[in-house]
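> show me the folded form of this:
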Amino acid sequence: PTSLSRKLRCLDLYAGAGGLSFMDGKRGNASISSAWAVDIDRGAIETFGTNNPQTECFVHGTDEFLYLVKAWNTLCEELEDVDVAAQKRAAKKKKGGKQPEKLMDVRPKPIVPQSAPAAAKGKGKGAKRKKSEKKREDDEDEDEAQEFNELGWEQKLEFLVRWEGGSEGSDSWVEEADLPQHILAEFVQRWMKRGRIPRPGDVDVLTGGPPCQGISGYNMCRNGEDPLSDPKNRQMPLFFEIVAFLKPRYVLMENVPDMFKFTTGIYGRFSVSRLIELGYQGRVGFMVAGRYGVPQYRMRCFLWGALSGQPLPGYPMPSHRVITVNQNCPAELKTNEVKAPPGQKLRREIRLRDALTDLPNVAHDEARDEMPYGGKPETEFQKDMRAPPPKDRGIPHQPKKVFNHNPQPLPPDDLYRCERETPCIARIRPSFTRF
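Model (predicted):
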């Protein structure tokens, strides 16, 4: 857009600790703000929230989130004009017993059917729990949530209630049908003003990279005969269901190039055709991370969508040379690979030694969550990694410490091999082809 009166608000699905929407600030003529982020991994989304304190973060699967925004929109339409003060006065006359003071949060809850296995009824989000187990209920294992998502059970909303005279420790989850209307209406109107949950028309940019494990060429067990038997492969249609409901102005989806290769490119063709069916213009580009100053090759497919009447964004031109590896986009889409025009001057490629030489040594079972660097940055890349965060984030600058430098513990046979291998940094040769 050539001019904007406000920032574009971005919703990031499959957000992880920060990726596609980690881009607050000026982008050309557009200023973008990460307004909402969704991921099923609690640790990842908490990290996202720490680095982006202005973002509303949701620990949900995409089907849970889709139900949440649809049910929330229905509640808003029903309760946005309710006279809360009048409802309160009427409620005082009927008051008796323990009453809710206010609502603190809302979440979707799967409804466990009677035909479900007994083991499922006794655990997870659908289970009845004692108050002494409330903390465990609030911090449920993400694998269980994923299991319920895959079973496709129906859902309903429940609300976190702060009881009269109570404190945070006595809060409990209550279903919508058990709440007084004035309490529910006050909560809905309060959250509507703050834009806590997006409604149709609220989202300007929707980004996301649906899981790629089920279609990636590195997966030796992917199912070409019945790809939808893998729950991860059902995420791409869900992504577009959320697009269809929220109708953002712009859509940016990322995935592996295999979306245009696996089973005759069914996922790539579906994505483009679905985007067009929903009234969007579309553009496909294959970008290589190494061409933008990242110390790895990593080719990915990016699908841009823009509603009719909106300018369709392009792709930034590469800034760096890159060491080539055997990762290619489909032959019929070779012209969609984003490359620098002939004659453009490029910076040299970023290598592993540019990124890794200032990092402290760690054991394969390193337990420390933070540690000192032990020295000054040695390369321009390392200086960039230690640069101060944006001033408006409220995050302290700690350039002498490194965080989350924790390798995954290795199985004994892998550890044996690694201890006897020459370090990979020493084996990188500058004679590889560059372009």
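> apart from its chain neighbours, what residue comes closest to Pro388?
His397 (4.4 Å; C-beta to C-beta, 6 or more residues apart in numbering). To be clear about C-beta, it is placed using only N, CA and C from the backbone, and glycine gets the same treatment.
> the one you found: how many residues sit nearby?
10 (other C-beta atoms under 10 Å).
> for the one 10 residues further on, same thing?
Other residues near Pro407 number 11, with proximity taken as other C-beta under 10 Å.
> do the same with Pro180
16.
> quick check: which element contains the nearest residue to it once chain neighbours are set aside?
Closest residue to Pro180 apart from its sequence neighbours, by C-beta to C-beta, 6+ apart: Ala91 at 5.6 Å. Assigned by DSSP states H and E, Ala91 belongs to helix 84-93.
> that helix packs against which elements?
Counting contacts by 3 or more C-beta pairs under 8 Å, 6 or more residues apart in numbering; DSSP states H and E, helix 84-93 is packed against helix 181-194.
> name the helices or strands packed onto the helix or strand hosting Arg353?
Secondary-structure assignment from DSSP H and E places Arg353 in helix 352-356. In terms of contacts (3+ C-beta pairs under 8 Å, 6+ apart), helix 352-356 is packed against helix 380-385.
> now the longest helix seen in the chain and helix 181-194, what's the angle there?
Longest helix in the chain, counting residues (DSSP state H): helix 62-79. Between helix 62-79 and helix 181-194, the angle comes out at 110 degrees (axes from the mean of the first three to the mean of the last three C-alpha atoms, to 10 degrees).
> using PDB, list the CA coordinates for helix 62-79.
Only the C-alpha atoms of helix 62-79 are listed here, as PDB (Å, rounded to 0.1, in the frame of the first residue of the first chain):
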ATOM      1  CA  THR A  62      -5.300 -24.800  14.500                       C
ATOM      2  CA  ASP A  63      -8.700 -26.600  14.600                       C
ATOM      3  CA  GLU A  64      -9.100 -25.400  18.200                       C
ATOM      4  CA  PHE A  65      -8.300 -21.900  17.200                       C
ATOM      5  CA  LEU A  66     -10.700 -22.000  14.200                       C
ATOM      6  CA  TYR A  67     -13.500 -23.100  16.600                       C
ATOM      7  CA  LEU A  68     -12.500 -20.400  19.100                       C
ATOM      8  CA  VAL A  69     -12.700 -17.500  16.600                       C
ATOM      9  CA  LYS A  70     -16.000 -18.700  15.100                       C
ATOM     10  CA  ALA A  71     -17.600 -19.200  18.600                       C
ATOM     11  CA  TRP A  72     -16.200 -15.900  19.800                       C
ATOM     12  CA  ASN A  73     -17.600 -14.100  16.800                       C
ATOM     13  CA  THR A  74     -21.000 -15.500  17.500                       C
ATOM     14  CA  LEU A  75     -20.800 -14.400  21.100                       C
ATOM     15  CA  CYS A  76     -19.800 -10.900  20.100                       C
ATOM     16  CA  GLU A  77     -22.700 -10.600  17.700                       C
ATOM     17  CA  GLU A  78     -25.100 -11.800  20.500                       C
ATOM     18  CA  LEU A  79     -23.700  -9.700  23.400                       C
END
